[in-house]
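Engineer: using only what follows, build the 3D model:
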Amino acid sequence: MRTFDVSPLYRSTVGFDRLFELLDQTARVEPLANWPPYNIEKTGDDQYRITMAVAGFAADEIDLTQHDTTLTVAGRKRDGEGERQYLHRGIAGRTFRQTFSLADHVKVTGATLEHGLLAIELVREVPEALKPRRIAIAAGTTRLGQDNAPAQIEGQVRAA
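Structural biologist: Numbering: from 1, shown residues only. Next up, the predicted model:
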């Protein structure tokens, strides 16, 4: 695997710190960072869904936390497995922690756990003050600003 050193870019750019931190994070992928498996889908113009396969986990064993632009999904099995004796254990019940970096103004609107799939609904809600707005351009005979013509006083005739 190739690694890229983005530290020289820190010296020549301003305001892209978060982008470079994301690049650094992807370069340092932990071995179990892709477990449990998940999908990220776009369900509308500003709507998204993260679906995670968390078979064997109950809703009260999964913790979903959003702090600013970071969404953390953590799962921890309760200590009730002691009374079972497995001959083969193919369904993983290990503790997991998955972190997602969200764009600005993306919020979690809900989560459901059904048939072993955790579905997390997200929506991007940009405040009105930050949305682009259209500015009307006035047309007609009104002039704004300076026209570079000498001022003419009423009643005086201009010398040619």
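
Engineer: state the distance from the nearest residue to Tyr48 once chain neighbours are set aside to Thr99.
Structural biologist: Leaving aside its sequence neighbours, Tyr48 sits nearest to Leu122 (CB to CB, 6 or more residues apart in numbering; 4.3 Å). Every residue, glycine included, has its C-beta placed from N, CA and C. The spacing between Leu122 and Thr99, counted by CB to CB, to the nearest Å, is 14 Å.

Engineer: cool, and Ala129?
Structural biologist: 29 Å.

Engineer: again, but for Gly56
Structural biologist: 21 Å.

Engineer: repeat that for Ala59.
Structural biologist: Taken as CB to CB, the span from Ala59 to Thr99 is 20 Å.

Engineer: who has more neighbours, Ala129 and Thr99?
Structural biologist: Thr99 (12 against 6; other CB atoms under 10 Å).

Engineer: give me phi/psi at the more buried one?
Structural biologist: For Thr99, the backbone dihedrals (degrees, to the nearest 10) come out as phi -120, psi 130.

Engineer: mind checking which helix or strand the closest residue to Asp63 other than its chain neighbours is in?
Structural biologist: Spatial nearest neighbour of Asp63, excluding adjacent residues (CB to CB, 6+ apart): Ala74 at 4.6 Å. Using DSSP states H and E, Ala74 falls within strand 70-75.

Engineer: relative to that strand, what are the paired strands and their orientations?
Structural biologist: strand 62-67 (antiparallel), strand 96-101 (antiparallel) (DSSP bridges).

Engineer: state the mean pLDDT of the last one.
Structural biologist: The predicted model gives strand 96-101 an average pLDDT of 91.

Engineer: show me what counts as buried in that strand.
Structural biologist: By 16 or more other CB atoms under 10 Å, the buried positions in strand 96-101 come out as 96, 98, 100.

Engineer: kindly report the same for stretch 41-61.
Structural biologist: 48, 50, 52, 54, 57, 61.

Engineer: also stretch 107-116?
Structural biologist: Buried-residue list, stretch 107-116, by 16+ other CB under 10 Å: 108, 111, 113.

Engineer: how about the last one, what does it touch?
Structural biologist: Going back to what we said before, that points to Leu113. By CB atoms under 8 Å, 6 or more residues apart in numbering, the contact set of Leu113 is 54, 57-59, 62, 119.

Engineer: just the CA trace of the strand or helix carrying it, in CSV.
Structural biologist: Per DSSP H and E, Leu113 falls inside strand 106-114. Coordinates of each C-alpha in strand 106-114 appear next as CSV, following Å, rounded to 0.1, in the frame of the first residue of the first chain:
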residue,chain,number,x,y,z
VAL,A,106,-25.5,17.2,8.2
LYS,A,107,-27.6,15.9,11.0
VAL,A,108,-28.9,12.4,12.1
THR,A,109,-32.7,12.4,11.9
GLY,A,110,-33.3,8.9,13.0
ALA,A,111,-32.1,5.3,13.3
THR,A,112,-33.9,1.9,13.1
LEU,A,113,-32.7,-1.6,13.8
GLU,A,114,-34.5,-4.2,11.7
